[in-house]
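A.B. asks: 3D model of this:
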Amino acid sequence: MTTVTLRFDDDMKKELDKMVDDMGMNITTFFMIYAKRALRDRKIPFEVTAPEDPFFSDSNMKRLQESEQQFRDGKVVVKTMEELEAMAE
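C.D. replies: As a prediction, this is how the structure comes out:
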């Protein structure tokens, strides 16, 4: 038998203790169930995703495509930094 040590935020530990107690088990049993399920299914038993990069959001991709089309259609204005600064004054 091997012992595994995990570090938890105090509040998260209390919340997890309460949740698993409400289910009639302790944290050790909870993690044993989790580990057995992961080993049986050969995957993490829930979906793990990363937050979506806002750059690739549908609305931003649409605006980029519109900008690309405007560029292809020759509907662009080219200004130097000096010209832009002069316009701002």
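
A.B. asks: Check the gap between the spatially most central residue of the chain and S57 for me.
C.D. replies: Centroid-nearest residue in the chain, with Cα atoms, centre = their mean: P51, separated by 2.2 Å. Distance of P51 to S57, given as Cβ to Cβ, to the nearest Å: 11 Å. Glycine gets a C-beta too; all of them are placed from N, C-alpha and C.

A.B. asks: ok, which stretches of this protein are helices?
C.D. replies: 10-22, 27-41, 58-72, 81-88 (DSSP state H).

A.B. asks: and the first one, average pLDDT?
C.D. replies: For helix 10-22, mean pLDDT is 95.

A.B. asks: separation between M12 and F30?
C.D. replies: Taken as Cβ to Cβ, the span from M12 to F30 is 13 Å.

A.B. asks: Pick out whichever of these two has more residues nearby.
C.D. replies: A direct count of neighbours by other Cβ atoms under 10 Å for M12 and F30 places F30 higher, at 16 against 9.

A.B. asks: and that one, what is it in contact with?
C.D. replies: 16, 20, 23 (Cβ atoms under 8 Å, 6 or more residues apart in numbering).

A.B. asks: try 6 Å this time
C.D. replies: Neighbouring residues of F30 by Cβ atoms under 6 Å, 6 or more residues apart in numbering: V20.

A.B. asks: and F71, how many neighbours?
C.D. replies: Around F71 there are 10 other residues, counting by other Cβ under 10 Å.
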